[in-house]
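Trainee: all I have is the shape, not the residue letters:
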Ligand code: IMP
């Protein structure tokens with residue numbers, strides 16, 4: 001990935017999240033000096049299987065498992081400090097030294113228990129199917145210019161008033177929503193008093209750290225969370241998360257300029273999944289969907305919810321190539337299709353009998369499109385042992401060639417299992 005012309009690369013999800021970014025980042029981080037998370041929060045669940053142990057990281061960048069990598073949580077992240085410290089303690093307990101290699105932007109906004117209360121209550125009526133991690137309410141506070149940032153913990157005097165204002169506001173909203181739950185100001189005060197001494201030593205101007213690293217010729221990997229179709233602007237609104245998951249969000253959320261990016265790698269599953277509500281045109285219902293779910297272990301890493309499963313949707317990935325400016329694709333979970341006699345690929349849509357080649361912005365239209373499928377022959381052989389493209393059965397290579405043609409971006413990596421070594425660099 002990195003080389004004389006590549007110092008800064010982004011890895012992001014190009015479908016609806018859960019594409020296997022954690023694994024791709026973990027593998028690429030071996031060559032990186034710095035890894036940066038730039039948006040989202042503890043709604044992410046990045047699974048990394050080192051071969052010896054499986055880690056699920058929600059808040060800390062997946063690069064942390066490499067002993068010399070510096071990991072940064074950028075200004076675009078909404079930080080759940082309790083999750084952060086739970087994860088830090090788990091990693092330390094497993095012998096991974098963390099605190100000297102982790103820094104958190106002092107501009108990042110905090111996710112506090114009152115955000116989670118509001119998230120749970122709102123989702124009862126909005127039915128987005130959120131992760132319940134307080135993400136939407138925390139970003140609302142950010143754009144509403146009333147959020148509490150990591151750096152605010154330095155000012156105990158100001159913080160007390162900010163917290164009191166926020167708790168009062170949230171409790172009014174909870175009342176209006178008909179909830180009997182209330183946030184406690186004392187509990188929030190205690191929480192921040194307890195967490196501040198641990199969080200503040202990690203606080204830094206992370207944008208400056210990235211800038212300096214790049215100026216010194218270091219290699220920087222930006223790690224996205226969720227996926228392009230969950231992007232607040234470009235996703236299937238309102239069934240989206242509350243941040244910009246696409247490449248533009250990477251530069252804003254890491255605090256660098258757009259020209260710093262040398263590569264933008266979109267991670268796609270060899271099929272499609274989605275958690276939560278909203279349209280999923282190539283969804284496979286019934287036995288086929290169940291078969292994909294079981295073969296792929298498609299249960300949420302954060303919430304344990306069964307994922308909705310379906311076939312590769314080339315319209316979605318083409319769109320993702322466009323809105324992210326993807327320079328390459330990493331195709332994951334190819335091995336999940338090993339046993340299928342035939343594999344459908346959604347090449348385009350039809351809407352009310354007419355061809356539809358682009359993603360409609362209108363949610364009703366997207367809910368009504370009918371995918372046009374092409375049936376590709378399966379390979380019915382295990383692919384988990386392949387380490388070069390030439391090791392794959394010809395039908396599997398033909399499948400990848402077709403995905404590449406339809407998507408309009410070159411495939412750079414193919415993952416054939418959960419372990420670190422089960423990846424092919426193309
Ligand atoms: P929120 O980000 O918790 O507000 O959830 C909004 C939508 O994004 C819901 O449909 C979630 O299921 C989805 N979502 C959030 N984080 C992830 C993720 O890491 N993977 C997949 N879907 C996610």
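Mentor: Thanks, I have it. What you see is a predicted model; the values in this text were computed from it and never measured. Residues are numbered from 1 along each chain as shown.

Trainee: can you list the residues of the protein near the ligand?
Mentor: Residues of the chain lying close to the ligand (Cβ under 6 Å from any ligand atom) are 17-18, 43-45, 128-131, 133, 135-136, 225-226, 230, 239, 241-242, 275-276. For every residue, glycine as well, the C-beta is placed using N, CA and C.

Trainee: just the buried ones out of those, please.
Mentor: Under a neighbour-count criterion of 16 or more other Cβ atoms under 10 Å, the subset of those counted as buried comprises 17-18, 43-45, 128, 130-131, 133, 135-136, 225-226, 230, 239, 241-242, 275-276.

Trainee: and the pLDDT for residue 421?
Mentor: At residue 421, the predicted lDDT confidence score is 93.

Trainee: need the three-state assignment for it.
Mentor: Three-state call for residue 421 (DSSP: H, G, I helix; E, B strand; the rest coil): coil.

Trainee: this protein: helices as residue ranges?
Mentor: With helices called from DSSP state H, the chain shows them at 21-29, 81-93, 113-126, 135-143, 156-176, 185-199, 206-215, 247-254, 286-296, 314-324, 363-368, 394-407.

Trainee: separation between residue 93 and the ligand?
Mentor: Remark: distance between residue 93 and the ligand (Cβ to the nearest ligand atom, to the nearest Å) = 24 Å.

Trainee: run a quick neighbour tally on that residue.
Mentor: Residues contacting residue 93 under the criterion other Cβ atoms under 10 Å number 8.

Trainee: a markdown table for the helices of the chain, including mean pLDDT?
Mentor: Rendered in a markdown table, the data for those read as follows (pLDDT from 0 to 100):
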| stretch | mean pLDDT |
| --- | --- |
| helix 21-29 | 93 |
| helix 81-93 | 94 |
| helix 113-126 | 96 |
| helix 135-143 | 98 |
| helix 156-176 | 96 |
| helix 185-199 | 96 |
| helix 206-215 | 98 |
| helix 247-254 | 98 |
| helix 286-296 | 96 |
| helix 314-324 | 98 |
| helix 363-368 | 96 |
| helix 394-407 | 98 |
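
Trainee: right, so those: which one is the most enclosed?
Mentor: Comparing these on average neighbours per residue, with mean count of other Cβ atoms under 10 Å, the densest one is helix 21-29 at a mean of 26.

Trainee: ok, residue 243 to residue 233 distance?
Mentor: Going from residue 243 to residue 233 by Cβ to Cβ, to the nearest Å gives 10 Å.

Trainee: the two - which one has more neighbours?
Mentor: The neighbour count for residue 243 versus residue 233, taken as other Cβ under 10 Å, is higher for residue 243 (28 against 12).

Trainee: just give the nearest non-adjacent residue to that one, would you?
Mentor: residue 39 (4.0 Å; Cβ to Cβ, 6 or more residues apart in numbering).

Trainee: ok, the one you found - contacts?
Mentor: Taking Cβ atoms under 8 Å, 6 or more residues apart in numbering as the contact definition, residue 39 lies against 74, 76, 77, 224, 225, 226, 243, 244, 245, 249, 250, 253.

Trainee: hmm, try it at 7 Å
Mentor: Taking Cβ atoms under 7 Å, 6 or more residues apart in numbering as the contact definition, residue 39 lies against 76, 77, 224, 225, 243, 244, 245, 249, 253.

Trainee: repeat for residue 78
Mentor: For residue 78, the contacting residues are 41, 108, 109, 111, 135, 138, 139, taking Cβ under 7 Å, 6+ apart as the criterion.

Trainee: isn't the fourth one right up against residue 77?
Mentor: Put plainly, it is residue 111. No: distance between residue 111 and residue 77: 9.4 Å, which falls outside the contact criterion (Cβ atoms under 7 Å).

Trainee: the contacts of residue 39 in strands, which ones?
Mentor: Those of these mapping onto strands are 224, 225, per DSSP state E.

Trainee: which of the contacts of residue 39 lies closest to residue 304?
Mentor: For residue 304, the closest of these turns out to be residue 225, at 17.8 Å, with distances computed as Cβ to Cβ.

Trainee: from memory that closest one sits against residue 44, does it?
Mentor: Yes: at 3.7 Å, residue 225 and residue 44 qualify as touching, with contact defined as Cβ under 7 Å.

Trainee: residue farthest from the centroid of this protein?
Mentor: Centroid-distance maximum for the chain: residue 157 at 35.6 Å, with Cα atoms, centre = their mean.

Trainee: and that residue, how far is that from residue 163?
Mentor: For residue 157 relative to residue 163 (Cβ to Cβ), the value is 12 Å.

Trainee: repeat that for residue 400.
Mentor: Distance from residue 400 to residue 163, counting by Cβ to Cβ: 52 Å.

Trainee: cool, and residue 88?
Mentor: 24 Å.

Trainee: OK, now which residue of the protein is nearest to the ligand?
Mentor: For the chain, the residue closest to the ligand is residue 276, as judged by Cβ to the nearest ligand atom, at 2.1 Å.

Trainee: re earlier: between residue 243 and residue 233, which contacts overlap?
Mentor: Any residue near both residue 243 and residue 233 by Cβ under 7 Å, 6+ apart counts here, and not one turns up.

Trainee: which parts of the stretch 251-400 of the chain are strands?
Mentor: Chain-ordered strands for the stretch 251-400 of the chain, with DSSP state E, counting those that start in this stretch as the definition, fall at 263-269, 272-274, 308-310, 312-313, 328-332, 342-351, 354-356, 370-377.

Trainee: list the contacts of the residue nearest the centre of the chain.
Mentor: Among the residues of the chain, the one closest to the centroid is residue 225, at 1.9 Å (Cα atoms, centre = their mean). Going by Cβ under 7 Å, 6+ apart, residue 225 touches 37, 39, 40, 44, 245.

Trainee: run a quick neighbour tally on the third one.
Mentor: Close neighbours of residue 40, defined as other Cβ under 10 Å, add up to 29.

Trainee: that one: what's it in contact with?
Mentor: Going by Cβ under 7 Å, 6+ apart, the list of residues near residue 40 reads 77, 135, 225, 226, 241, 243.

Trainee: closest to residue 375 out of these?
Mentor: Nearest to residue 375 among the contacts of residue 40, counting by Cβ to Cβ, is residue 226 at 30.5 Å.

Trainee: correct me, but the closest one touches residue 12?
Mentor: No: distance between residue 226 and residue 12: 8.7 Å, which falls outside the contact criterion (Cβ under 7 Å).
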